[in-house]
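Q: heads up, no residue letters with this:
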């Protein structure tokens, strides 16, 4: 959850939109927003890995949040793409601005 909150607050900060930690946590109650936040957080983690920074098991938790369905099994034909991560970030930005 901490990584997803960080992703939401990071997007808000980039666009100079106020968002408290409590507000971000509340937004994560929306499943679609929570999945988008997990995807963006995973994308940030990928960039950190390129710099040699590893975040450990939290990455698996993020993966399971967006690549697995609610019943606990992998989503069929799910493919991680840069476009998917950027689209998730755009949806979050739109929601934060509204």
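A: Nice, I can see it. What you see is a predicted model, and the numbers here were worked out from it, not measured in a lab.
Q: Give me the mean pLDDT for the helix or strand containing residue 62.
A: Counting by DSSP states H and E, the element that carries residue 62 is helix 58-67. The pLDDT scores in helix 58-67 average 91.
Q: Buried ones in it, by neighbour count?
A: Buried positions in helix 58-67, judged by neighbour count with 16 or more other C-beta atoms under 10 Å: 59, 62, 63, 65, 66, 67. Every residue, glycine included, has its C-beta placed from N, CA and C.
Q: In contact with the third one, which residues are there?
A: Residues near residue 63 by C-beta atoms under 8 Å, 6 or more residues apart in numbering: residue 42.
Q: follow-up on the earlier one: may I see the buried residues of helix 58-67 organised as a markdown table, with distance to residue 12 added?
A: Output for the buried residues of helix 58-67, formatted as a markdown table (distance: C-beta to C-beta, whole Å):
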| residue | distance to residue 12 |
| --- | --- |
| 59 | 23 |
| 62 | 19 |
| 63 | 24 |
| 65 | 20 |
| 66 | 20 |
| 67 | 25 |
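Q: What's the per-residue pLDDT of the nearest residue to residue 91 once chain neighbours are set aside here?
A: The spatial neighbour of residue 91 that comes closest, neighbours along the chain excluded (C-beta to C-beta, 6 or more residues apart in numbering), is residue 36 at 5.3 Å. Listed pLDDT for residue 36 reads 96.
Q: element containing residue 36, please.
A: helix 31-50.
Q: Could you list every helix and strand that that helix packs against?
A: In this structure, helix 31-50 makes packing contacts with helix 2-14, helix 21-27, helix 58-67, helix 82-97, judged by 3 or more C-beta pairs under 8 Å, 6 or more residues apart in numbering; DSSP states H and E.
Q: now do 6 Å
A: helix 2-14, helix 58-67, helix 82-97 (3 or more C-beta pairs under 6 Å, 6 or more residues apart in numbering; DSSP states H and E).
Q: count of residues packed around residue 84?
A: 15 (other C-beta atoms under 10 Å).
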